[in-house]
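>>> My questions concern the predicted model and sequence given below.
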Amino acid sequence: MRFRAVFASALAAALCFLPLPAFAQHAAIEDLCRLHGIERQENIVRIGEAYAAARKAGIGEEELLPFLEEILKHKLDCPQMVRVLAAATKLREEGLPYFVVFSKVREGVAKEAAPALVVEAAESKLKTLSESRDVLKSLEANGYRILDFQNAAVIVSSYIEKGYTSGEIVSQIRKKGIQGAGFAALSGVVERKVKRKER
């Protein structure tokens, strides 16, 4: 009996030293929020939930926590923080390059853009990247092979931001090919499948 008591005591002591990721993560986020002026518990909880959703989607803590700190320093309010994290999370869930949102937000922060504009830029990136996915799927259906989906999505989104519609990109490439349609940046990441008779 004494051995069991000693063993239980030793086990309890050992467990005290094991990391508690969820608790530690929540504490770190709460500390960061309070440090940067977000005091209301309900707001801290909302940001914590958005952070947890991003982690669940597969965004690593080593990149997510520093990003959270950067946008907190830029004085985004709670709804703005949640919107930025939600944009990155949705992209990650859809297999799209979420890191582009991080870059866009960091660019806005570096330029000291208004927080509302930073959020707008993040959500605009979510929109154009989602549209680029549809373009790439259409190209695949039309006999093209996507060699590097992540980079292709970024390139297509840049064309969309220049004013091309998704339909125009697909239509022009179908008619003229990648080079002929003026989308040369895609040539390294998208290629026409070679049909048997073309070999």
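Here it is on my side, so go on.

>>> Please work out how many residues are found near the nearest residue to residue 155 once chain neighbours are set aside.
Nearest residue to residue 155 in three dimensions, chain neighbours excluded: residue 185, at 4.9 Å (CB to CB, 6 or more residues apart in numbering). In short, each C-beta sits where N, CA and C put it, glycine included. The number of residues packed near residue 185 is 16, by other CB atoms under 10 Å.

>>> residues in contact with residue 185?
155, 158, 159 (CB atoms under 8 Å, 6 or more residues apart in numbering).

>>> who does the biggest helix by length in the chain touch, helix- and strand-wise?
What stands out as the longest helix in the chain, according to DSSP state H, is helix 115-141. Using 3 or more CB pairs under 8 Å, 6 or more residues apart in numbering; DSSP states H and E, the elements in contact with helix 115-141 are helix 78-93, helix 99-110, strand 144-146, helix 149-161, helix 166-180.

>>> Can you list the low-confidence ranges for the chain?
Within the chain, the ranges that satisfy pLDDT under 70 run 1-26, 194-199.

>>> 80 - rerun?
The model of the chain has pLDDT under 80 over residues 1-28, 36, 194-199.

>>> if you take the average position of it, which residue is closest to it?
Among the residues of the chain, the one closest to the centroid is residue 98, at 2.3 Å (CA atoms, centre = their mean).

>>> and that residue, what is it in contact with?
The contact partners of residue 98, by CB under 8 Å, 6+ apart, come to 59, 88, 89, 91, 92.

>>> With neighbour count and distance to residue 171 as added columns, please give those residues in CSV.
Formatted as CSV, the contacts of residue 98 follow (neighbours: other CB atoms under 10 Å; distance: CB to CB, whole Å):
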residue, neighbour count, distance to residue 171
59, 22, 35
88, 27, 31
89, 24, 32
91, 25, 26
92, 20, 30
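
>>> Which phi and psi values does the residue lying closest to residue 147 once chain neighbours are set aside adopt?
In this structure, residue 147 finds its nearest non-sequential neighbour in residue 189, 5.2 Å apart by CB to CB, 6+ apart. When read as degrees, to the nearest 10, the backbone of residue 189 gives phi -120, psi -10.
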